[in-house]
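Undergrad: Here is my input, please return the structure:
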Amino acid sequence: MEKSWLTVSFHLLTILSSIQLPRSHASSDYSRQPPRRLIFTPHHRSDSDPQQVHISLVGRDRMKVSWITDDKSARSIVEYGKMPGKYEASATGEHTSYNYFFYSSGKIHHVEIGPLEAGTVYYYRCGGSGQEFYFKTPPSSFPIEFAVVGDLGQTEWTASTLNHVNRTNYDVLLLPGDLSYADSHQPLWDSFGRLVEPYASHRPWMVTEGNHEIEIFPIIYPDGFKAFNSRWPMPFQESGSTSNLYYSFEVAGCHVIMLGSYAEFDEKSAQYKWLKGDLGKVDRRRTPWLIVLIHAPWYNTNLAHKGEGESMRKAMEKLLYEARVDVVFAGHVHAYERFTRVYKNKADECGPIHVTIGDGGNREGLALTFEKPTSASLSVYREPSFGHGRLRILNQTHAFWSWHRNNDSDCILADSLWLQSLSVSRQCTQFQQDQASLPLVSVNLNDEL
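TA: Numbers count the residues shown, from 1 in each chain. Predicted coordinates for the structure are as follows:
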């Protein structure tokens with residue numbers, strides 16, 4: 001069944017990937033690399049062997065190990081320890097599966113292990129058999145490095161991006177949506193899982209959804225995200241969220257919020273109320289860095305997806321501004337763009353830096369056309385190239401951001417910036433203190449507004 005789906009997908013996506021758009025007038029002297037072919041990663045292991053292994057953070061000292069087996073009787077167990085082949089502990093978990101039209105998934109296993117020591121290499125085995133994997137837990141304190149890449153897909157550019165990312169000793173990968181580009185062709189989810197396994201099984205991947213994860217079909221699958229929620233469950237319950245589409249987590253002095261561009265976000269929505277509550281719990285003395293990920297960018301000078309994040313910006317931007325979020329990463333637009341600190345479409349030194357990084361290697365190609373720059377432009381750097389970003393947070397006050405362009409076998413540093421956390425900005429923190437000192441006003445809900 002999977003091979004037939006894969007054949008149809010190959011022909012369809014090859015046609016789509018051959019379509020090229022006009023070149024951008026805003027591009028640098030660098031010559032854009034052409035599109036590259038799609039990659040379909042086959043299954044060569046036995047039915048009982050784990051495949052598509054990936055890990056994600058759960059709380060401060062636990063890790064979730066996820067994998068799939070074709071064997072429905074395979075056990076949901078992970079054995080682990082600090083020495084190769086010597087497993088001092090084990091844990092059992094849960095499993096699930098799903099159907100999508102004529103496709104039936106394998107047995108999807110999710111097992112939480114821990115408590116684990118920070119900054120430590122662990123060796124582990126899934127299901128009691130098969131190959132041994134290993135991962136390194138993030139540090140408990142600074143410095144910490146995040147790899148940031150969006151809109152991955154599964155092309156040769158994707159493989160190039162992942163190879164470049166893997167050359168760095170990053171601690172956690174952040175992905176702001178659009179993982180497999182399966183678009184309802186479910187075997188492509190399996191292919192994607194195999195493609196990223198060598199990377200996602202060694203370092204935790206924290207992801208949020210993009211539009212290519214929706215996979216809604218009227219009446220039959222009206223809610224969407226069936227594959228995404230089954231295969232890539234994130235620790236949403238731990239942060240008080242009721243949905244896998246938005247959540248937060250903390251690691252090494254950083255509070256990271258993953259918002260859902262495709263979940264309801266107006267003031268009456270569950271996501272809005274959750275976000276307001278989550279931001280209210282942030283202690284900048286304990287987590288001085290506050291990072292947010294979304295899929296559809298709130299600020300964008302590319303002609304692709306222009307304005308698609310505007311309604312969410314209007315609904316939630318004030319919450320992020322008043323909380324003094326340091327940086328917002330987005331995907332969706334297949335190019336790189338960095339903005340100055342901004343709020344309500346104006347430069348504001350107390351607003352977050354917005355970065356669009358939807359350039360992981362997707363099959364749809366690059367978004368090549370930007371608006372013509374103006375003297376009042378908030379956009380500082382923009383380039384339609386595939387690549388990835390690195391956010392190295394050195395201490396409570398300073399971090400270094402860099403964006404690296406894919407260039408055949410090399411990655412080239414193309415944009416970089418030193419950041420200072422807004423938690424130590426006297427001007428910006430004074431506003432928060434003033435707001436906190438304001439007297440509470442009693443309001444009668446029966447009064448006219």
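Undergrad: what residue ranges in the stretch 251-400 of the chain score low on pLDDT?
TA: In the predicted model, the stretch 251-400 of the chain carries pLDDT under 70 at residues 375.
Undergrad: which residues of this protein fall in helices?
TA: For the chain, applying DSSP state H gives helices covering 2-17, 156-166, 187-200, 226-231, 270-281, 310-322, 426-437.
Undergrad: For the second one, buried residues please.
TA: Counting neighbours by 16 or more other Cβ atoms under 10 Å, one finds that the buried residues in helix 156-166 are 157-162, 164-165. Every residue, glycine included, has its C-beta placed from N, CA and C.
Undergrad: got the CA positions of that helix in CSV?
TA: The C-alpha trace of helix 156-166 is given here as CSV (Å, rounded to 0.1, in the frame of the first residue of the first chain):
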residue,chain,number,x,y,z
GLU,A,156,18.0,17.3,-1.4
TRP,A,157,18.0,20.8,0.0
THR,A,158,16.4,19.4,3.2
ALA,A,159,19.2,16.9,3.4
SER,A,160,21.7,19.6,2.9
THR,A,161,20.2,21.8,5.6
LEU,A,162,20.1,18.9,8.1
ASN,A,163,23.7,18.0,7.3
HIS,A,164,24.8,21.6,8.0
VAL,A,165,22.8,21.7,11.3
ASN,A,166,24.3,18.4,12.4
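Undergrad: That one - contacts with which helices or strands?
TA: helix 187-200, strand 387-393, strand 398-407 (3 or more Cβ pairs under 8 Å, 6 or more residues apart in numbering; DSSP states H and E).
Undergrad: Dump these into CSV; add mean neighbour count and distance to D266 as well.
TA: Converted to CSV, the helices and strands packed on helix 156-166 look like this (neighbours: other Cβ atoms under 10 Å; distance: least, Cβ to Cβ, whole Å):
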stretch, mean neighbour count, distance to D266
helix 187-200, 22, 31
strand 387-393, 23, 30
strand 398-407, 20, 31
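Undergrad: for these, which one sits closest to D223?
TA: Nearest to D223 among the helices and strands packed on helix 156-166 is helix 187-200 (17.1 Å), distances taken as Cβ to Cβ.
Undergrad: Excluding its own residues, what touches stretch 281-293? List them.
TA: For stretch 281-293, the surrounding residues in contact (Cβ atoms under 8 Å, 6 or more residues apart in numbering) are 146, 174, 176, 208, 250, 253-259, 320, 323-330, 352, 391, 393, 396-397, 399, 421-424.
Undergrad: That one: end-to-end distance?
TA: 18 Å (Cα to Cα, to the nearest Å).
Undergrad: List the buried residues for it?
TA: In terms of neighbour count (16+ other Cβ under 10 Å), stretch 281-293 has its buried residues at 282, 284, 287-293.
Undergrad: What of stretch 364-375?
TA: For stretch 364-375, by 16+ other Cβ under 10 Å, it's 364-370.
Undergrad: and if you look at stretch 122-135?
TA: Buried residues in stretch 122-135, counted by 16+ other Cβ under 10 Å: 122-127, 130, 133, 135.
Undergrad: before we move on, back to that, of the buried residues of stretch 281-293, closest to A263?
TA: Using Cβ to Cβ, L293 comes nearest to A263 of these, at 13.6 Å.
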